[in-house]
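S.K.: sequence first, predicted model second:
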Amino acid sequence: RTMSERLASYATLRNAVRLAVPLAMAATLLVCFALLRRKRQQRVTNETLLSRNVELRKHKYKKVADQSAPCATIIDSDASLAEHWPEFESRARQLGYCGLDCEWRWQNEFGEVGQLALLQLATDDGRALLIRVQRLTVVPPQLEAFLADRTVFKFGVGIDGDANKLAIDLGCDLSGWVDIRHLADRLPPDLVCHRRGLKPLANHMLSVDYFKLQWVARTDWELPCLTKQQVLYSALDAITGAMLAVEMSILIGESVENLCTQFIDVKHTTGPAGQQQRQTDFPGPTATQLNKKLPKFARQNPLYHNCQMLAPDDELMCTLDKRKADWYTERGLATVVSTDPILIIRLNFEPSGRPRGDQAYYLAERDNRCVVCGSIQGLQRKKIVPRSLGGTFLSC
């Protein structure tokens, strides 16, 4: 081609590029605008859907939140359970789900955790059974079969702990439980709060606020008669679990059965990998697994070193631990007499007092041994005995 033809083709290409660049930029801006608009519309739709569902179902909670409303039935005998259980079981099996929670006395002054005291079962229509299991002579087979039925979902937050407590204290196998935090993870971020506790979720999604009742959780659930606050709190815990599961399934757009089948007996974890642990043989950690965790809390070093401190005339002053003995020697207040089999130090000054007859406890060697079972392994120190009473435990 001639030079003039080449120049003409270059000019045509240059003009095409000049036109294409603005068009491409305009197309990119249009796409971004469309995506932003779609995202905004989706957020508005989600908020509208959430508010609509809250308004449709909030009236059910008005009866529950009212402390005078008869939303809960307290079961404190075999006869009352036999009277009210068939109706509740029929309703729960018809729905295919219920809310479940358990309460027990928290640690007392001796660090002991109480036995399971209350089992709460509820449906999302505001009806709850509060079963005081310690008042029953035996767990009826109908209740055991219901708890072990995988076809009836039991909803709650941290429900694997309740499953473990039921197994250890009552010997009941809980199957079909679903931690609703799995469902919360499936929701868009703008529809669910970042806190995954039962009460924050209920407050955000259902406008149910019972944070003021949180102190009730640490009260004594073995009282002869439950207080009005305990009844309300325990009923709300179970009802809210069922209600949240239904709300989340509606927002996700799947039926409760289809949505929850994949999460049956799956413990919710928040580890770095976010892996879900499948509970096959037993729902929740077993008693053996819990016992395996205890050694890491046990003492790694002996509590009593039984080092000896002598006066300048070699009279025994007291027994002490190695750190205290090192403190005296590092400051030149005592010298080392022996290190085998135990560390013995002698004071370089006259002490202000000598042990009297009633202070023999401080001269005796103390065994690193459990005062309850006599074991020398897996020891834990409990600071529950006043120092003035220490002498009464010499025989332990």
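M.R.: Looks like it arrived, so ask away. This is a predicted model, so every value here is computed, not measured.

S.K.: show the contacting residues for the nearest residue to D169 once chain neighbours are set aside.
M.R.: Closest residue to D169 apart from its sequence neighbours, by Cβ to Cβ, 6 or more residues apart in numbering: L116 at 4.1 Å. Every C-beta, even on glycine, is put in place using the N, C-alpha and C of the backbone. When contacts are counted by Cβ atoms under 8 Å, 6 or more residues apart in numbering, L116 touches C102, E103, W104, V133, Q134, K165, L166, D169, L170.

S.K.: can you redo these as CSV with neighbour count, secondary structure and pLDDT?
M.R.: Listed next are the contacts of L116 as CSV, based on neighbours: other Cβ atoms under 10 Å; DSSP: H, G, I helix; E, B strand; the rest coil; pLDDT from 0 to 100:
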residue, neighbour count, secondary structure, pLDDT
C102, 26, strand, 94
E103, 25, strand, 93
W104, 17, strand, 89
V133, 21, helix, 92
Q134, 15, helix, 90
K165, 20, helix, 91
L166, 24, helix, 92
D169, 16, helix, 88
L170, 19, coil, 88
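
S.K.: redo these as CSV? Include distance to I75.
M.R.: Listed next are those as CSV, based on distance: Cβ to Cβ, whole Å:
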residue, distance to I75
C102, 14
E103, 14
W104, 16
V133, 9
Q134, 11
K165, 18
L166, 16
D169, 17
L170, 14
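
S.K.: quick check, nearest of those to L121?
M.R.: C102 (10.1 Å; Cβ to Cβ).

S.K.: now the closest one: closest residue in space that isn't a chain neighbour?
M.R.: Leaving aside its chain neighbours, C102 sits nearest to D162 (4.2 Å; criterion: Cβ to Cβ, 6+ apart).

S.K.: mind listing what's buried along the helix or strand hosting that neighbour?
M.R.: Per DSSP states H and E: D162 is located in helix 159-169. Of all the residues in helix 159-169, those buried under the rule 16 or more other Cβ atoms under 10 Å are I159, D160, D162, A163, N164, K165, L166, A167, D169.

S.K.: isn't the second one up against K267?
M.R.: Yes: when contacts are counted by Cβ atoms under 8 Å, D160 is listed as touching K267 (4.8 Å).

S.K.: what sits against L310?
M.R.: Per Cβ under 8 Å, 6+ apart, neighbours of L310: L316, M317, V337, I344, I345, R346, L347.

S.K.: identify the residues contacting the second one.
M.R.: Spelled out, that is M317. M317 touches M309, L310, A311, L347, P351, R354, P355, counting by Cβ under 8 Å, 6+ apart.
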